[in-house]
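A.B. asks: I would like to see how this sequence folds:
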Amino acid sequence: MTVEQNVLQQHSQKVSNGDLAEAVAFLTEKNAKVPQQDEATYYQTAQIGNDRYISVGSQADTNVIDLTGDDKDDLQRAIALSLEESNRAFRETGITDEEQAISRVLEASIAETKASLKRTHPEVWSDSPNPHDRKRQDSCPVGLKNVGNTCWFSAVIQSLFNLLEFQRLVLHYSPPARVQDLPRNQKEHRNLPFMQELRNLFSLMVGSRRKYVDPSKAVEILKDAFKSSESQQQDVSEFTHKLLDWLEDAFQMKAEEDREGEKPKNPMVELFYGRFLAVGVLEGKKFENTETFGQYPLQVNGFKDLHECLEAAMVEGEIESLHSAENSAKSGQEHWFTELPPVLTFELSRFEFNQALGRPEKIHNKLEFPPMLYMDRYMDRNRDITRIKREEIRRLKEHLTVLQQRLERYLSYGSGPKRFPLADVLQYAMEFASSKPVCTSPVEAIDTSAPPGGTTAQVPPAPSAVEQGPSAPADVPGAAPQLQQLQQPQTTTPSSRLPVHKPFTQSRVPPDLPMHPAPRHITEEELRVLEGCLHRWRSEVENDTRDLQGSIARIHRTIELMYSDKMMMQVPYRLHAVLVHEGQASAGHYWAYIYDPHHCCWMKYNDISVTKSSWEELVRDSFGGYRNASAYCLMYINDKKPFLIEEEFDKETGQVLNGLDKLPPDLKEYVREDNELFQRELQEWDAAQARKAQQEKLALAAAGPRPISTEPSPVDNTAPQQDPEYMEQPSPPNDSKHLQEDTERAISRAAAEQDEKSPEMLLSAALKVEYTRLLRLAQEDTPPHSDHRLQHVIVYFIQNRAPKKILERTLLTQFADRNLGFDERCKSIMNVARAKLDLIKPDEVNMEEYEMWHQDYRNFRETTVFLMIGLELFQKKSYVEALMYLIYSYQYNKELLAKGPYRGHDEELIAHYRRDCLLKLNEHAAALFETGEEPEVTGGLSVMNELVVPCIPLLLVDELEEKDVVAVEDMRNRWCSYLGQEMEPNLQEKLTDFLPKLLDCSTEIKSFAEPPKLPSYSTLELCERFGNVMASVTLGRTPADGR
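C.D. replies: Below you'll find the predicted structure:
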């Protein structure tokens, strides 16, 4: 924790003691800054009835919003939100209530986003007025309506419903005959009505024609089961425990009635409960106890996968004495499963209590789990062999630690703060020893036997009449003099070569400056001995490193395969459902991934939305370590008990029972009545729309003889202007998914922080939350590989000081996205946002200016794609393909920067790689020309004429860019050095024709290739790829001087 956070915490503690004014005064004295921007504005909550859209707040309130965007300390955020709410109430009513403010602060500091289960349905959760929007498509699974922070209910119920054996047990449950008239006790009075409502709910999920059904009646009964506040968002584990307890009690009553005199069998216990043997030592005394378990809890913190969690949960304390005949005073125990339930449920403990902050916090660590889990190693019958394997693994891990430490000494060699691989250190030493001092004069003879790369390899002569010299890298200054060897016949020795005057090189680097490190004095004998030692040592180090890496890999493989023999793969459990939580400890959202064995795919159940998913999406959302989403509960089923997921068959026909045929008579009638009610609703809607269309037809006929359409058309409330393509897509593919997720998170957070739950107030709060988040991103000082401008257009607008009306409309457009309809709350907010957009008058927002800003952002993204692809190709040494991307990225970026310093990217970096790419191509073309072979010469000159020469004016047009001018001079030097050399007449002719084009000093761009067609990238993919390539080029880049 930083010093600033400590101070914030101290002042926050004063709040709990009643000193609200002092703490808030301190928390609101920070000033938020944006590059070249005054204190940023924020969105104030709109007043219903008089505001058509959200207005931008004053600078005076910026500090409060800056605090609400700080996720580092929830208490400070709660204080700031409380103060803002209180100030707004005071401005509107002139009344303050300090006690209410303190109560609100303390409540927010304990549970961040509590929402009431008693919210009025028409406010947020109102259904679409068009029943066709709520009609089930074919056999698509039925969703569950969120009736007020009940996503936890939906996730658990859907997971259990898709266990077909559990589904059958619930649907065919009948209450005991003795309690049908009057329940005997409170348990029966509570459980039996709940069972009936659960049956009704399951029957609708089987045969309803609705896209989703309302679970309100079952949820109302559940309320009394939780002793905590009704407004608390319930915990999945707590609810599942309570649900299984109720189901167990209900089925127990039925079992006792059906089996008088016999020990009753409870199907819920047989389905969900297992047994384990606790074997241990307590103060030197051994013990064995058999215990029953339902959901098995597992700790997440400190483990990387599910097996590690299980291994830790099965062993507690010191257990050495368990494995020996000698007793000791040590205490500990092992758990061994004696009987596993058909449905094995693991609770992943992803929350821990922070003693310093006094509140629970979520653990976001990554935890992997397999789709198929073998439980053999944890069974009591395999106790002896498992102990042997565990001991072997322990021994292997100890050896592995020793090997990894030894390998680390090779890979991180040195005694200082910076360490390097030892093999590289020896290679660098060998390169330094082999380097030759660079001549101090451009006309002094140079020993061409040593190429500029620092090695001593001899260059073989080319088969042409001219001896070919090595090509100097484009980034090494002073390499052009090495081409003097091209002017000498093959019989001439390096020591007898004469200096040749070379144009464009007399103004090179001052002769007294060393060009690269090299030994000042070293004899041939010393060099020979040193090279021999360094070569031998490097080979030894590389061999040792390879041996260590091989040994480490073999040990890892041995550990992975330790339980892979058939004897330890006899208890397979297949992953059935994953319950996911996104958010923090005190608030968030739940959904479930459930495997459909009949279609062999994963399905995502997110309240009313049921969509096809994939294992990759499940991994991303469930393993953790990515965003704030992670698995909270894992449900595995015994793969050797297919009855758990088998469909029910008709006993007479043998056909699979579907829809209403699966239901008992009473539930079949219940679903039929509901379907008839829904069918009448559809018919009434269609009739109303037909009457409306007829009235419109008559009105148009009375107005004039214009051709009209007889088909009813829905009212289009969308704004006439088309939204930018990156703000809204016709369907929610990956391109717009991230924007939709950001919007949904803002809505969820706003709903948790708002007391007023009307769509208008929620929209205002959500806009405020989203703008605060984007403002914080715009204020961060980030490296080039983490450019927040690519994440959202608002960040780009804020950094470039776009007018506030442009910001407002853009943010409203985000919340008006048609794809924002995964639940009724978002759909209601979307409709309000669209209505506000419609009410914006043309004179309030200049649409030409609005479109200009968005076009600038599209140009920025396009420039980014040009730069990204160009750098990627450059790194792959595809210089021909990379050139056009780098050329156009530089040109477009320059146009952007002309409007402001934050409109584009680092101009110097793009110029560096554009220049370097041209130098690489020049070197390649010159090397082809030096071969003297007709195809290679033609290819080299083609590269120059079609790629390099057309780009030279671009480097010369800005005379202030000295490095570009020097680069052009170097390229011209290379080709002019061939003038005095002996070559075939046809080569001389080609060179004579080419040089005037190269030496043309005009900056007029005469011809140029069309820009390459760009592929489309989603924002997430663009950010990731651009971040990767920028991180690599900025780390590997050194200052360039033109060569």
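A.B. asks: Pull the number of nearby residues for Glu188.
C.D. replies: By other C-beta atoms under 10 Å, the residues close to Glu188 number 18. Quick note: C-beta positions are derived from backbone N, CA and C, even for glycine.
A.B. asks: Next, find the distance separating it from Ala250.
C.D. replies: Taking C-beta to C-beta, to the nearest Å as the measure, Glu188 falls 9 Å from Ala250.
A.B. asks: What of Ile747?
C.D. replies: 37 Å.
A.B. asks: Tell me if Ala592 really is in a strand.
C.D. replies: Yes. With DSSP: H, G, I helix; E, B strand; the rest coil as the criterion, Ala592 is located in a strand.
A.B. asks: Do you know the pLDDT at it?
C.D. replies: On pLDDT, Ala592 comes in at 92.
A.B. asks: Could you do the one 3 residues further on as well?
C.D. replies: For Tyr595, the model assigns a pLDDT of 95.
A.B. asks: Arg395: helix or strand, and which one exactly?
C.D. replies: If you go by DSSP states H and E, Arg395 is part of helix 383-411.
A.B. asks: Just the buried residues of that helix, please?
C.D. replies: Neighbour counts using 16 or more other C-beta atoms under 10 Å place 386, 389-390, 393, 396, 400, 403, 407, 410-411 of helix 383-411 among the buried residues.
A.B. asks: which residues does Met569 contact?
C.D. replies: With contact set as C-beta atoms under 8 Å, 6 or more residues apart in numbering, Met569 has these partners: 374, 376, 563.
A.B. asks: Could you rerun that using 6 Å?
C.D. replies: By C-beta atoms under 6 Å, 6 or more residues apart in numbering, Met569 lies in contact with Tyr374.
A.B. asks: Can you check the pLDDT for it?
C.D. replies: Note on Met569: pLDDT of 91.
A.B. asks: With Leu928 instead?
C.D. replies: 92.
A.B. asks: Return the closest of the buried residues of helix 383-411 with respect to Pro519.
C.D. replies: In terms of C-beta to C-beta, no member of those lies closer to Pro519 than Tyr410, at 26.6 Å.
A.B. asks: So the closest one sits against Leu422, correct?
C.D. replies: Yes. Contact criterion C-beta atoms under 6 Å: Tyr410 and Leu422 qualify, at 5.1 Å.
A.B. asks: mind showing which ranges of the stretch 901-1043 of the chain have poor pLDDT?
C.D. replies: The model of the stretch 901-1043 of the chain has pLDDT under 70 over residues 958-960, 980, 1001-1008, 1034-1043.
A.B. asks: so where do the helices sit in it?
C.D. replies: 907-931, 934-943, 949-956, 962-976, 985-998, 1019-1036 (DSSP state H, counting those that start in this stretch).
A.B. asks: Figure out which of these is closest to Asp305.
C.D. replies: It is, among the helices of the stretch 901-1043 of the chain and with distance given as C-beta to C-beta, helix 1019-1036, at 24.8 Å.
A.B. asks: will you turn the helices of the stretch 901-1043 of the chain into TSV that also has mean neighbour count and distance to Asp544?
C.D. replies: Shown next, in TSV, are these (neighbours: other C-beta atoms under 10 Å; distance: least, C-beta to C-beta, whole Å):
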stretch	mean neighbour count	distance to Asp544
helix 907-931	21	37
helix 934-943	16	44
helix 949-956	19	49
helix 962-976	20	43
helix 985-998	14	52
helix 1019-1036	16	28
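A.B. asks: out of these, which comes closest to Asn831?
C.D. replies: helix 1019-1036 (25.2 Å).
A.B. asks: just the angle between that closest one and helix 907-931, please?
C.D. replies: 70 degrees (axes from the mean of the first three to the mean of the last three C-alpha atoms, to 10 degrees).
A.B. asks: from the buried residues of helix 383-411, which single one is nearest Met430?
C.D. replies: Looking across these and measuring by C-beta to C-beta, the closest to Met430 is Tyr410, at 17.1 Å.
A.B. asks: check contacts around that closest one.
C.D. replies: Contacts of Tyr410 by C-beta under 6 Å, 6+ apart are 422, 545.
A.B. asks: Kindly report the same for Met268.
C.D. replies: Met268 sits next to 247-248, 251 when contact means C-beta under 6 Å, 6+ apart.
A.B. asks: One more pass at 8 Å, please.
C.D. replies: 169, 244, 247-248, 251.
A.B. asks: I would like a PyMOL command selecting only the buried ones among these, please.
C.D. replies: PyMOL command restricting the contacts of Met268 to the buried ones, with burial defined by 16+ other C-beta under 10 Å:
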select buried, resi 169+244+247+248+251
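A.B. asks: What about the contacts of Met268, which are in helices?
C.D. replies: 169, 244, 247-248, 251 (DSSP state H).
A.B. asks: Make JSON lines from the residues you listed and add distance to Lys436 and pLDDT to it.
C.D. replies: Listed next are the ones in helices among the contacts of Met268 as JSON lines, based on distance: C-beta to C-beta, whole Å; pLDDT from 0 to 100:
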{"residue": "Leu169", "distance to Lys436": "86", "pLDDT": "91"}
{"residue": "Leu244", "distance to Lys436": "80", "pLDDT": "82"}
{"residue": "Leu247", "distance to Lys436": "85", "pLDDT": "84"}
{"residue": "Glu248", "distance to Lys436": "86", "pLDDT": "84"}
{"residue": "Phe251", "distance to Lys436": "89", "pLDDT": "84"}
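A.B. asks: So for the residue nearest to Tyr902 when sequence neighbours are not counted, what's the pLDDT?
C.D. replies: Spatial nearest neighbour of Tyr902, chain neighbours left out: Gln799 (4.4 Å); criterion: C-beta to C-beta, 6 or more residues apart in numbering. Per-residue pLDDT puts Gln799 at 91.
A.B. asks: my guess is Gln799 meets Phe860, correct?
C.D. replies: No. No contact is recorded between Gln799 and Phe860 when judged using C-beta atoms under 8 Å, the distance being 10.8 Å.
A.B. asks: Now do the shared contacts for those two.
C.D. replies: Arg789.
A.B. asks: follow-up on the earlier one: the helices of the stretch 901-1043 of the chain: which one's closest to Lys135?
C.D. replies: Comparing the helices of the stretch 901-1043 of the chain by C-beta to C-beta, helix 1019-1036 comes nearest, at 32.9 Å.
A.B. asks: Give the other helices and strands that that closest one contacts.
C.D. replies: helix 734-753, helix 847-875, helix 907-931 (3 or more C-beta pairs under 8 Å, 6 or more residues apart in numbering; DSSP states H and E).
A.B. asks: Now tell me what touches the helix or strand just after the second one from outside.
C.D. replies: From helix 847-875 onward toward the C-terminus, using DSSP H and E, the following helix or strand is helix 879-897. Contacts made with helix 879-897 from outside it, assessed by C-beta under 8 Å, 6+ apart, are listed as 856, 859-860, 862-863, 866-867, 869-874, 903-905, 907, 910-911, 913-914, 917-918, 920-921, 924, 943, 947, 951, 954, 1009, 1011-1012.
A.B. asks: Next, the angle helix 949-956 makes with helix 879-897.
C.D. replies: Using the same axes, to 10 degrees, helix 879-897 lies at 40 degrees relative to helix 949-956.
A.B. asks: Taking their axis directions, helix 879-897 and helix 847-875 sit at what angle?
C.D. replies: 150 degrees.
A.B. asks: in helix 879-897, what's buried?
C.D. replies: For helix 879-897, the neighbour count (16+ other C-beta under 10 Å) marks 879, 882-893, 896 as buried.
A.B. asks: Using CSV, please lay out these together with pLDDT.
C.D. replies: Output for these, formatted as CSV (pLDDT from 0 to 100):
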residue, pLDDT
Tyr879, 92
Ala882, 91
Leu883, 91
Met884, 91
Tyr885, 92
Leu886, 92
Ile887, 90
Tyr888, 91
Ser889, 92
Tyr890, 91
Gln891, 90
Tyr892, 91
Asn893, 92
Leu896, 92
